[in-house]
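Undergrad: Need coordinates for the following:
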Amino acid sequence: MSDLECPYCEEKLDICHDDGFGYEEDIAHEMECSNCEKNFIFYTSISFYYEPQKADCLNGEAHKYKPTTTVPTAYTRMRCEWCDEERALTDDERRVLNIPEKNETEDKTKCVHCGKLMDGGVFPTGRVTPKGAFCSKECYEKETENI
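TA: Now for the predicted structure:
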């Protein structure tokens, strides 16, 4: 499907958005037709589509909770299918679904270089690379200096 047609020759054209061109609303964007080589302008209009769905739990019914798909499974939560409200699992749900309890080290990630445990994937002074996470700039530099 093409973005627009040339107003001169009706050639179907695509807008190259690689550098963000053509997204801004309420301004004239200039473009040259690749077929007839004439310049023309176009305007961008953004429209919204809304898809209503029933949410019986917002009208007095009980929430329809299902477990989320989470890795590691210890972080599973219960999410309502209708309204997306989430809550923690009860002890009974955890037992029935065979979901393990979270332990302290699951909330931490190890530095690839020194093995230091870092909280929950937040590395304010570190780096994350395809090779893994680093707790500091120094560890990152030591591990990658021979690459």
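Undergrad: Give me the distance between stretch 13-20 and the centre of its chain.
TA: Offset of stretch 13-20 from its chain centre (CA atoms, centre = their mean, to the nearest Å): 23 Å.
Undergrad: quick one: buried residues of that stretch?
TA: Neighbour counts over stretch 13-20 (16 or more other CB atoms under 10 Å) mark Leu13 as buried. To be clear about C-beta, it is placed using only N, CA and C from the backbone, and glycine gets the same treatment.
Undergrad: Between the two ends of it, what distance do you get?
TA: 17 Å (CA to CA, to the nearest Å).
Undergrad: can you tell me the helix or strand for Cys139?
TA: For Cys139, the element it lies in under DSSP states H and E is helix 137-144.
Undergrad: Quick one: list the elements packing against that helix.
TA: On a contact count with 3 or more CB pairs under 8 Å, 6 or more residues apart in numbering; DSSP states H and E, helix 137-144 meets strand 127-129.
Undergrad: residue contacts, the residue nearest to Glu5 when sequence neighbours are not counted?
TA: Nearest residue to Glu5 in three dimensions, chain neighbours excluded: Lys12, at 5.7 Å (CB to CB, 6 or more residues apart in numbering). Shown in contact with Lys12 (CB atoms under 8 Å, 6 or more residues apart in numbering): Ser2, Leu4, Glu5.
Undergrad: Just the CA coordinates for the helix holding Cys139, please, in PDB.
TA: This file holds the C-alpha atoms of helix 137-144, laid out as PDB (Å, rounded to 0.1, in the frame of the first residue of the first chain):
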ATOM      1  CA  LYS A 137      33.000   1.800  33.700                       C
ATOM      2  CA  GLU A 138      36.200   0.300  35.100                       C
ATOM      3  CA  CYS A 139      34.900  -3.300  34.800                       C
ATOM      4  CA  TYR A 140      33.500  -2.600  31.300                       C
ATOM      5  CA  GLU A 141      36.900  -1.300  30.200                       C
ATOM      6  CA  LYS A 142      38.900  -4.100  31.700                       C
ATOM      7  CA  GLU A 143      36.700  -6.800  30.100                       C
ATOM      8  CA  THR A 144      36.600  -5.100  26.700                       C
END
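Undergrad: now that helix: how far from the chain's centre is it?
TA: With CA atoms, centre = their mean, you get 28 Å for helix 137-144.
Undergrad: in it, what counts as buried?
TA: In terms of neighbour count (16+ other CB under 10 Å), helix 137-144 has its buried residues at Cys139, Tyr140, Glu143.
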